[in-house]
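Trainee: model this:
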Amino acid sequence: MAKHSHSRRHLPEDDAARRRWQHPESILEGIGVEPGSTFIDVGCGEGFFALPAARMVGPHGRVCGIDIDAEALDLLQEKAFREGLDNVVLHRGMAEEIVLCSGCADVVFFGIDLHDFADPVRVLANAGRMAAPKGVIVDLDWKKEPLPLGPPTARKFSTEHAAALMAEAGLEVRAVAESGPYHYIVTAVAGDKKKG
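Mentor: The predicted structure is shown next:
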């Protein structure tokens, strides 16, 4: 369960400002989202990544969003309907408790939220169960350093800590990279599927 909930709704201008320092389409393309993919967004919120992913995977792909915030999910569903995106399926609940499928996802994605979960190892283990044999688990999160945006430095995970959590969850880290001025990306595969 996330330690906090969204206390205010995001406005369109919030997304526009965020796009000045984070480009979701480039990130999604870089982690392998393509037409026909199944993309699971854990902690999807109002869809900053889920909506671009839905456009990218197209009518033969699927985006599944998980979040505890019912209002955020309602707003995301409204945005998807307005765009005619019928490939978005949303699930409300705690990521520690939800496994949507066994081995179905090409990408299981954590968009700047792994540090928010009460039990990140359990959430990552669930992600590993949902990942397809050649699927990836991706953690995009804040660099653990003082930044003009984001949570306090003490709440952030270093890349080493994120990688250690993934290993504890049975995942095998494949890559660690910077993502823009404020973030990093750790990419992993499910340990028992790594040869698949």
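Trainee: How about residues contacting the helix or strand bottoming out on mean pLDDT in the chain?
Mentor: The helix or strand of the chain with the lowest confidence, counting by mean pLDDT, DSSP states H and E, is helix 12-18 at a mean of 67. For helix 12-18, contacts defined as CB atoms under 8 Å, 6 or more residues apart in numbering pick out Phe48. In short, each C-beta sits where N, CA and C put it, glycine included.
Trainee: Moving C-terminal from the top strand by length along the chain, which element do we reach first?
Mentor: Assignment by DSSP state E gives strand 131-142 as the longest strand of the chain. Counting by DSSP states H and E, the next helix or strand C-terminal to strand 131-142 is helix 159-168.
Trainee: and the angle from that following helix to strand 131-142?
Mentor: 160 degrees (axes from the mean of the first three to the mean of the last three CA atoms, to 10 degrees).
Trainee: residue ranges with poor pLDDT in the protein?
Mentor: Scanning the chain for pLDDT under 70 picks out 1-13, 192-196.
Trainee: One more pass at 90, please.
Mentor: In the predicted model, the chain carries pLDDT under 90 at residues 1-23, 149-150, 180, 191-196.
Trainee: same for the longest helix seen in the chain, what does it pack against?
Mentor: Among the segments of the chain that qualify as a helix by DSSP state H, the longest is helix 70-83. Other helices and strands packing on helix 70-83, by 3 or more CB pairs under 8 Å, 6 or more residues apart in numbering; DSSP states H and E, are helix 50-57, strand 62-67, strand 88-92.
Trainee: The residue most central in space within the chain bridge partners, please.
Mentor: Centroid-nearest residue in the chain, with CA atoms, centre = their mean: Phe110, separated by 2.4 Å. Counting by DSSP bridges, Phe110 forms beta bridges with Val42, Asp139.
Trainee: Would you mind listing the residues in contact with it?
Mentor: Phe110 touches 42-43, 123, 127, 137-141, counting by CB under 8 Å, 6+ apart.
Trainee: Identify each buried residue in the longest helix of the chain, please.
Mentor: Judged by neighbour count using 16 or more other CB atoms under 10 Å, the buried positions of helix 70-83 are 72-73, 75-77, 79-80.
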